[in-house]
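Undergrad: Predicted model follows, preceded by the sequence.
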Amino acid sequence: MEPNLISQVLTQKHGKEGQMNFTEYMQNLCNLHKCQSEINSIVRNTGAKYSVLFQLPYYDAVRFVIIDPMHNLFLGLAKSTLKVWKENDLIGEKDFDLLQRRVNAVVPPPEIGRIPSKIATGFSGFTTDQWKNWVCYYSAFALKGILPKEHYDA
């Protein structure tokens, strides 16, 4: 395969916008006889992976994506962020006790709900709804002064 074949595929012009949509891009990529190192590079750089859905002529991966905030954003992103903060020593064990005390001091309205006493154990066993409450209501005030300013403000 030519070294610039993927570059040629990426620069093809299609459609009324003058650009190839993501589905066409993935279909062309699949037709390249799967030069595995180039495909791996694209997956690593973009996060785009192959699916048999790309073979459907009417499927548009960008238009048809469904973002599930409860499972994708709150459960995965918040948990991953806390893990990175712990691994990089931005939040220590004593900080979790302080976070728990700050959250316990709040009396939330009934529709929000309390966060259980699991923060001190590193948020173990949080439900999706508890992650949502942590991200949307509790984290901003609870992390102030604990998380370094450059990370808190980001």
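TA: Received, thanks.

Undergrad: So what's the gap between stretch 48-65 and the chain middle?
TA: Relative to the mean C-alpha coordinate of its chain, stretch 48-65 is positioned 20 Å out (C-alpha atoms, centre = their mean, to the nearest Å).

Undergrad: Let's test this: mean pLDDT of it, rounded?
TA: Confidence for stretch 48-65, expressed as mean pLDDT, is 79.

Undergrad: before we move on, what about stretch 68-77?
TA: Mean pLDDT, stretch 68-77: 70.

Undergrad: What is the end-to-end distance of it?
TA: 12 Å (C-alpha to C-alpha, to the nearest Å).

Undergrad: okay, now the domains of this protein?
TA: Domains of the chain are assigned by automatic domain parsing as 5-55, 69-152.

Undergrad: quick one: contacts for residue 116?
TA: Counting by C-beta atoms under 8 Å, 6 or more residues apart in numbering, residue 116 touches residue 130. (Each C-beta comes from the backbone N, C-alpha and C, glycine too.)

Undergrad: Next one: it from residue 105, what distance?
TA: Distance of residue 116 to residue 105, given as C-beta to C-beta, to the nearest Å: 15 Å.

Undergrad: Which parts of the chain are helices?
TA: 5-10, 22-30, 36-46, 79-87, 93-104, 128-133, 139-143, 149-152 (DSSP state H).
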